[in-house]
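*Asks:* When you get a sec, could you give me coordinates for this:
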Amino acid sequence: MPFDTAQARRILALFAPYRSRLFTVVGLIVVASSISLSSPFLIREIIDTAIPQRRGGLLSALAVGMLAVITVTESLQVWQAWMSTTVGQRVINDLRVSVYSHLHRLSLNFFIRTHSGELQSRIANDIGGVQSFVTNTAAAAVNCVTTLLATAVAMFVLDWRLACISLALLPVVALVSLSVGRARRRIMQTRQEKMASLTSHVDESLSVDGIVLGRTMGRSAALVEKFAVRSRELADLDVRAAVTGRWRIAQLSIAMASLSVFLYWGAGLASAYGSSSLSIGTLVAFVTLQAALLGPAMSLAQLGVELQTSLALFTRIFEYLDQEPEVVEKPTALSVPRAEIRGSFRLRDVDFRYSADAEPALRGISLDIPAGSRIAIAGETGSGKSTLARLLARLYDPTRGRVTLDGEDLRDLTFETLSDAVAVVSQDPFLFHASIAENLRIAKPDAEGRELMDACAAAGIHARISELPDGYDTTVGERGHQLSGGEKQRLSIARALLRDAPVLVFDEATSALDSRTERDIQQSLDRVSEGRTVITIAHRLSTIRDADRIAVLHRGRLVEFGSHDELVASGGKYADLWTLMHRAEPHATGEPVG
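*Replies:* Predicted coordinates for the structure are as follows:
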């Protein structure tokens, strides 16, 4: 896989906010490397001058100088490591927050197509995988390059012939590093895909619903075996990544380490035949530099491999950052205060399809919803009821046509205005693994205890919460599994009421409630909904018979619109649904059974 310069620029851009600190880090590395290279020259003076001439003062001064070099170099390296790690961790934090915030801007379709375990893997495993590169590898690479350059200069100062011999293997080291790195990059891409698959499996199978399904279907053992297979595949890939190119790098290490042997051997032969002008001190100093060259050279080879591996992870991270949101806020979007929102909707010739090759979910919908009215949407499963509700909250944009709120196209309003205007209660309410109060305050972070209780009383859940040992501080568990389905829905209704939005959308919001509880809550909702626009989607037609108007959808089209009595009298689609419900649930309609 060729090196991607565009990707390299994107990676470098992550460090741009911290360029001043990076320059300081580079400066510390250069200074530390330069100071450390004085040691071989001090050694040469000790061997060639101080010891042969028995100059104790010079010997002591040179020894003190070597200790000073070590002390200063180590101190600078500690400072450099602290600064580079700090910068690296901030870059990782910026990247993690950037990915997470970008995911929040993506459209609902993306999350329908993508498993939550895959999202977790990208944020935790992929970004975690590049952490070492960002915090350590980049600084180590600069350190190695600086040391190599300084060492090369020092070698040429001592003896240009030996320098040429010592540096001859460096191009080979670079080529082997690139070759091994590309191989590991391919393995790492496959590994991260397998890791995402494993994370998704764990996320599903160890959820409350997954455990219940596995045990009731007798599939627990099969799920464990599936996990074991994927875990083995991941382990095998880790082994391949660890050993790929290891022998080639080992051969280079042997060759680089052998150079000092050949230096001693060659110098000895030259001295034996009287053809060498190389002093013993210079030879020892050169071998010391040779050892200093070996470490950075092999480290660069390994760092090259790590770089290629990290590029595979950056590719996966950038894939998410490159996802374009389908629903975006215009730079010129209009912000409307909540107090000024009346809550009237108008749909004109609205078409919608979930993807370019999918069948339209809505076709040619034109509908007026006056402010303060109670509008119901009825129809068979798959007729487009929930899709229509999502358009009103602008979770999607229509494929064709327009939806307006108080005369303004939803695409011309800010997201904040829309979230202030519309509160949605869905059929499958979501609760965080937190306390009841915390789940309620998602709608209004500064809500006081009395506000929470009033909203819950209106939704018919306050008495039940009061019976719990910790009351409103009770933790509801993952997805609210410590509560019944009806309790979760009532809590979700209370949360919507606490939002105090001018428009309330109830999407099968009472489907998990028994008929008596449903009637009680409906009466409460009728009281708190006064002055608001209420849009109700329901399969139980008895819950919407008192709506001002009922819109009837069939296969994505608006086929009828009128009051309950008008629609029943007309003998159309709604009348057929009403008759079917009356036969299936004779007491649900509230009419005598004939």
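*Asks:* where do the strands sit along the stretch 351-500 of the chain?
*Replies:* 362-369, 374-379, 400-405, 408-409, 422-425 (DSSP state E, counting those that start in this stretch).
*Asks:* same deal with the chain?
*Replies:* Defined through DSSP state E, the strands belonging to the chain, from first to last, are 345-352, 362-369, 374-379, 400-405, 408-409, 422-425, 503-507, 533-537, 549-554, 557-562.
*Asks:* Let's have the strands of the stretch 351-500 of the chain in CSV, adding mean pLDDT and distance to Ala463.
*Replies:* Just so you know, the C-beta spots here come from the backbone N, C-alpha and C atoms, and that holds for glycine as well. As requested, these are arranged in CSV below (pLDDT from 0 to 100; distance: least, CB to CB, whole Å):
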stretch, mean pLDDT, distance to Ala463
strand 362-369, 94, 34
strand 374-379, 91, 26
strand 400-405, 94, 36
strand 408-409, 94, 41
strand 422-425, 87, 20
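*Asks:* Quick check: which of these is nearest to Tyr320?
*Replies:* Closest approach to Tyr320 among the strands of the stretch 351-500 of the chain (CB to CB): strand 422-425, 26.0 Å.
*Asks:* circling back to that earlier point, out of the strands of the chain, which gets nearest to Gly129?
*Replies:* Among those, strand 422-425 comes nearest to Gly129, with 37.2 Å by CB to CB.
*Asks:* Adding distance to Asp454 and mean neighbour count as columns, could you present the strands of the stretch 351-500 of the chain in a markdown table?
*Replies:* Formatted as a markdown table, the entries for the strands of the stretch 351-500 of the chain read as follows, by distance: least, CB to CB, whole Å; neighbours: other CB atoms under 10 Å:
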| stretch | distance to Asp454 | mean neighbour count |
| --- | --- | --- |
| strand 362-369 | 27 | 19 |
| strand 374-379 | 22 | 24 |
| strand 400-405 | 27 | 18 |
| strand 408-409 | 31 | 14 |
| strand 422-425 | 16 | 24 |
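*Asks:* mind putting those in a markdown table, distance to Ser386 included?
*Replies:* Formatted as a markdown table, these follow (distance: least, CB to CB, whole Å):
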| stretch | distance to Ser386 |
| --- | --- |
| strand 362-369 | 11 |
| strand 374-379 | 9 |
| strand 400-405 | 15 |
| strand 408-409 | 22 |
| strand 422-425 | 10 |
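*Asks:* So which of those strands is nearest Arg90?
*Replies:* Taking CB to CB as the measure, the strands of the stretch 351-500 of the chain were each checked against Arg90, and strand 422-425 came out nearest at 37.3 Å.
*Asks:* wouldn't Leu504 be in contact with Ile535 here?
*Replies:* Yes - under the criterion of CB atoms under 8 Å, Leu504 is in contact with Ile535, at a separation of 7.2 Å.
*Asks:* any residues in contact with both of those two?
*Replies:* When contacts are counted by CB atoms under 8 Å, 6 or more residues apart in numbering, Leu504 and Ile535 have no shared neighbour.
*Asks:* what residues are up against the closest residue to Glu438 other than its chain neighbours?
*Replies:* Taking CB to CB, 6 or more residues apart in numbering, and ignoring the residues beside it in sequence, Glu438 has Phe432 as its nearest neighbour in space, at 7.0 Å. With contact taken as CB under 8 Å, 6+ apart, Phe432 is in contact with 438-439, 442, 476.
*Asks:* Can you tell me which of these is nearest Arg96?
*Replies:* The nearest member of those to Arg96, counting by CB to CB, is Ile442 at 22.3 Å.
*Asks:* what domains does the record give for this structure?
*Replies:* Residue ranges for each domain of the chain read 7-179+246-321, 338-584, as given by automatic domain parsing.
*Asks:* about what we covered before: where does the residue nearest to Glu438 land on pLDDT?
*Replies:* At Phe432, the pLDDT value in this model is 82.
*Asks:* ok, of the domains of the chain, where does mean pLDDT dip lowest?
*Replies:* Taking the mean pLDDT of each of these, the lowest value is held by domain 7-179+246-321, a mean of 76.
*Asks:* so how far is that one from its chain's centroid?
*Replies:* Here the centre of domain 7-179+246-321 is set off from its chain's centre by 31 Å, with CA atoms, centre = their mean, to the nearest Å.
*Asks:* please begin residue numbering at 827 from this point
*Replies:* With 827 as the first residue, the last one maps to domain 833-1005+1072-1147.
*Asks:* Kindly provide the distance from Glu1242 to Ile1167.
*Replies:* Distance, Glu1242 to Ile1167, using CB to CB, to the nearest Å: 12 Å.
*Asks:* out of those two, which sits in the busier spot?
*Replies:* Between Glu1242 and Ile1167, counted using other CB atoms under 10 Å, the more crowded position is Ile1167 (22 against 13).
*Asks:* Tell me how many other residues crowd the closest residue in space to Ala1022 that isn't next to it in sequence.
*Replies:* Beyond its immediate neighbours in the sequence, the residue positioned closest to Ala1022 (CB to CB, 6+ apart) is Ser947, lying 3.8 Å away. Applying the criterion other CB under 10 Å, we find 24 residues in the vicinity of Ser947.
*Asks:* For Gln906, list the residues it contacts.
*Replies:* In this structure, Gln906 makes contact with 851, 854-855, 858, 965, 969, judged by CB under 8 Å, 6+ apart.
*Asks:* cool, Arg1358 as well?
*Replies:* Counting by CB under 8 Å, 6+ apart, Arg1358 makes contact with 1169, 1198, 1327-1330.
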